[in-house]
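Colleague: please work out how this folds:
(chains A and B)
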Amino acid sequence: MNLIKIIAIIILTPLVGGLLTGFDRIISARLQGRQGPPLLQPFYDVLKLTEKESIEVNSMHRFFVYVSLVFVVFTTLIMLSGGDILLAIFALTLGSVFFVLGGYASNSPYNTIGSERELLQIMSYEPMVLLTCIGLYYAQKSFFIKDIISATKPSIIYLPGVFLGLVFVLTFKLRKSPFDLSMSHHGHQEIVKGITTEYSGKDLAVIEVTHWYEVIISLTLVYVFFATVSPISHVFAVIACLLVYLFEIIIDNSSARVKWQHALRSAWVVTGVMGTVNLLILSFF
Amino acid sequence: MVAINVLLLFPLAVALAIFLVKNDAARSMLVRIGAVITALLTLVVVGIFFKDGIRLSSSIEEIDLIIVVVEVIIAAYIITLGIRSKRYVISIFSFLQTAAMLVFEFGFKEGITVETAIVFDKLTAIMILVIGLVGSLICIYAVGYMKDYHNHHKEYKERKSFFFSILFLFLSAMFGIVLSNNLMWMYFCWEITTLCSFLLIGYTQTEEAKNNALKALVINLGGGVAFAAAIIFIGMNYHTLELSVLIQMKPDAVLMIPVFLLSIAALTKSAQLPFSSWLLGAMVAPTPTSALLHSATMVKAGVYLIIRLAPLLGPTSVGRIVTLGGGVTFLTCSLMAISQSDAKKILAYSTLANLGLIVICASAGTQESLWAAILLIIFHAVSKSLLFISVGSAEHQIGNRNVENMDLLMGVSRKLAFYMMIGIAGMFLAPFGMLVSKWVAMKALIDSKNVIIVIILAYGSAATLFYWAKWMGKLVSKVNMGHKNHHELSLDEELPITILAFLVVISCFTFPLVSRFALEPYLTEVYKKTALIPIETSDIKLMLCMLSMLILLPISFIPVYKNDKRRKVPIYMAGENTGDNQTFYGAMGVKQKVEMRNWYMEEFFGADKLTFLSNVLCTAILVMGIILLIGGLA
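Modeller: Next up is the predicted model:
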């Protein structure tokens, strides 16, 4: 039973994540007045990448990408099986750090810039993500997602500020403009190809699949704010996830990449205001 | 009983013997043997007393007398030193505390009996293990390091006998601090560690070293004054000199005065803001000194005292003040570490930050937070000593200790780079120790309603991640393979590094056991309430699972891809790569070297600005504490 569940999570998550990315590309195209690719285009892309010849600059750097994928999958498993949200975030951070190390290991100037920027992004969003976990613990007295989503009242009632702060920093995690400093889907504002410059073929495919998992992880964080013990709330939670994703797509298409100073400052200020005020108020009751 | 005396006196005897031996080879052997026996003694003592602990009374008057005599001699030395170096504050501090202690000893101590002078409980056992094992490994390392050190620095006078004997004296004093229940004894050992750190920091006798040594002396003597004042206050008002009696009292407004004073003493020793400048200055000393000061000894004495005082701190306003001070230290030092490129400086800032974290956890004073604090001491001691000594060796291998140049290390000494990575991972990555404790700390702080501190933790952790990860990044990037290795790693260096690296990993696997057999019984006893491991079993399983996955990682270092059919290409440099991945064609076709630098973000995290601000903030917090005490609101 457990094994089936684990396998299901491992297989279904990237499928849904990939579909969402396809959806993203259609919406983005429409926003830009284009027709856009078919919904399944991300899958075609990844399949094509796996058939390409893989070239590399040294034998070390791709290894980190695989490890990164392993830990991101691990995070997904913890989250979707209702585990400890804080532990999941720590595992996710571990995955992200490996991804960054891969950039360094390639020793290429463009990858290194991408790595520094990716690190900066992690530093920018990390406080808010941690405060989200802490806020959920405050509201529901548990770090376990299975407890949080079986509460009688949705967490969003207690944590509106934290939620808004989270939506703000999810832009980093979903790699959306204006905070897509380390790697971007918008060629016109990218330094070559950011942290992924030296990856090709299968390795690039792995990075893409990792991102699908990360999309689901990000949206799960949104999900837990709305889900409660009543079954209907899960429908609302899914709708909320889709709305947040749509919102991020619109932001992505309507803004240009900002300087890193601005990214760091705005993320930390928003965290400070939204997270702190919300938690302080909560702690008084 | 005998075993404990031997443990206390053996390092002292070794110190004396080393001081007298002038032959280099014989002395090195003596240090090695002394260190190994100290480590074994530690294990024996802990083995004997771990289960039931022991409380010893002391009926020997002579000990007190000897202590007084030694104190007076030390004071005389320090006072003349202060006058000679024109730092009269030193003389004043030393005179004040010694005079006050003498008056107290002979005028008012009559009638105060100390029932139990030595207490050995589970916490003592942990501290002794940390001091004994990590400390003696550093001593062994010092043998190899100092040889290289004097080959590199011919300009410094060679005073190795002195150096090694102070190292052992230091260990002995540290054992004394953690074993004493008699505050007078603890104070005595406390002052010895102050003196030892002064002597070690000033080892090279350059202007800078002398100044920094004096700075360390001033600040720690200041702490000593607070300690002495606290003892006298406790003796006069409560007619006791026992720590164990003190912590069982009801925390009322009057009792908070000595508790505050003791906390100040602890904060100076643990180099918390605004008293942190001495630890940053201590870097001028040879690396084994820094390793010792930062990991097993000195700074750990401060947090040890706070952990002992924890039941009195807890939710009282003094506790809150100390927690807040630790919080500010944790946050600002984590931020400042980002702007540093000197490896030892990064380590120093990270020590300050981590001690801040330990202070937070200890002074929050709940069972869970104390659990985190004690584990932090263990994890921090092993990881930090590993990092310091591997940086010391790396410095000898690549010629300097700038993190920017550590991309050479993988090519020069793969092993060293790898152990350094283990140390760094131990400091901040997920299944490793520091993070486990940080996690529990967060939970405990939420439960004890310290919202502001939790938010500080969230920001500080993000900054921590940044500076460690970029250092690790330098280690994994492998450039300039042509660099020649100047030194082979000597066995004296390699052995402690290897053992510590294993200890980092082992401590992460075994923390549930440490919790079960040491922490839970200890906390249950202190709080008279059953303590439980604050992490769910399912989480521990997941973490051990992650750890096992990470252990498999070194596979990447074994060239399994030897038969790789993949095509190797030069790295992308906009088409101008000359083909060696090191240079590109610049303007006019000139070959330019590629240089990749990490980010330091001076304008955000520059140390100058932040140091001033954070010192002001922490001073204000302490002043607020004093005002609260005077107002009787504490």
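
Colleague: need the pLDDT of B:Ile63.
Modeller: Confidence at B:Ile63, expressed as pLDDT, is 84.

Colleague: now B:Thr80, nearest residue through space, not along the chain?
Modeller: Nearest non-adjacent residue to B:Thr80, counting by C-beta to C-beta, 6 or more residues apart in numbering or on different chains: B:Ser91, 8.0 Å away. (C-beta placed from N, C-alpha, C; glycine too.)

Colleague: since we're on B:Phe233, how many residues are nearby?
Modeller: A total of 17 residues lie near B:Phe233 under the criterion other C-beta atoms under 10 Å in any protein chain shown.

Colleague: what about B:Leu610, distance to B:Thr332?
Modeller: 5 Å (C-beta to C-beta, to the nearest Å).

Colleague: now A:Ile4
Modeller: From A:Ile4 across to B:Thr332, the span is 50 Å (C-beta to C-beta).

Colleague: have a look at these two and say which one is more surrounded.
Modeller: Taking neighbours as other C-beta under 10 Å, A:Ile4 and B:Thr332 compare with B:Thr332 leading, 28 against 8.

Colleague: name the helix or strand for that one, please.
Modeller: helix B:317-338 (DSSP states H and E).

Colleague: pLDDT averaged over the next helix or strand along the chain from that helix, what's the number?
Modeller: Reading on from helix B:317-338 to the C-terminus, the next helix or strand found by DSSP H and E is helix B:343-364. Taken as a whole, helix B:343-364 has a mean pLDDT of 94.

Colleague: where along chain A do the strands fall?
Modeller: A:55-56 (DSSP state E).

Colleague: can you pull out the low-pLDDT segments for it?
Modeller: A:1 (pLDDT under 70).

Colleague: which stretches of it form helices?
Modeller: A:2-31, A:41-51, A:61-80, A:85-106, A:109-140, A:145-148, A:160-173, A:201-226, A:231-254, A:260-270, A:277-284 (DSSP state H).

Colleague: those: which one's closest to B:Leu629?
Modeller: helix A:277-284 (25.9 Å; C-beta to C-beta).

Colleague: buried residues, that closest one. List them.
Modeller: For helix A:277-284, burial by neighbour count (16 or more other C-beta atoms under 10 Å in any protein chain shown) applies to A:278-279, A:282.

Colleague: before we move on, back to that, from the helices of chain A, which stretch is densest packed?
Modeller: Highest mean neighbour count among the helices of chain A (mean count of other C-beta atoms under 10 Å in any protein chain shown): helix A:85-106, with a mean of 27.

Colleague: by contact count, what packs against that helix?
Modeller: helix A:61-80, helix A:109-140, helix A:145-148, helix A:201-226, helix B:433-447, helix B:451-476, helix B:537-551 (3 or more C-beta pairs under 8 Å, 6 or more residues apart in numbering or on different chains; DSSP states H and E).

Colleague: do the longest one and chain B meet?
Modeller: Yes. Part of helix A:109-140 sits near chain B under the criterion C-beta under 8 Å from any C-beta of the partner chain, namely A:109-112, A:115-116, A:119-120, A:122-124, A:126-128, A:130-131, A:134, A:137-138.

Colleague: who touches B:Ile306 in this structure?
Modeller: B:Ile306 sits next to B:263, B:266, B:270, B:313, B:322, B:358-359, B:362-363 when contact means C-beta atoms under 8 Å, 6 or more residues apart in numbering or on different chains.

Colleague: widest-spaced pair of the residues you listed?
Modeller: Using C-beta to C-beta, the contacts of B:Ile306 span at most 14.1 Å, a distance reached by B:Ser270 and B:Leu313.

Colleague: quick one: mean pLDDT for stretch B:1-18?
Modeller: 90.

Colleague: what's that stretch in contact with?
Modeller: Against stretch B:1-18 from outside (C-beta under 8 Å, 6+ apart): B:27, B:30-31, B:34, B:37-38, B:41-42, B:44-45, B:48-49, B:54, B:56, B:118, B:120, B:128, B:132, B:161, B:164-169, B:171-172, B:175-176, B:179.

Colleague: for stretch B:532-543, same thing?
Modeller: In contact with stretch B:532-543 (C-beta under 8 Å, 6+ apart) are residues A:78, A:83-84, A:87, A:144, B:368, B:371-372, B:430-431, B:436, B:439-440, B:443-444, B:512, B:515-516, B:519-520.

Colleague: so how do I select the buried members of those in PyMOL?
Modeller: Here is the PyMOL selection string for the buried members of the contacts of stretch B:532-543, based on 16+ other C-beta under 10 Å:
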select buried, (chain A and resi 78+83+84+87+144) or (chain B and resi 368+371+372+430+431+436+439+440+443+444+512+515+519+520)
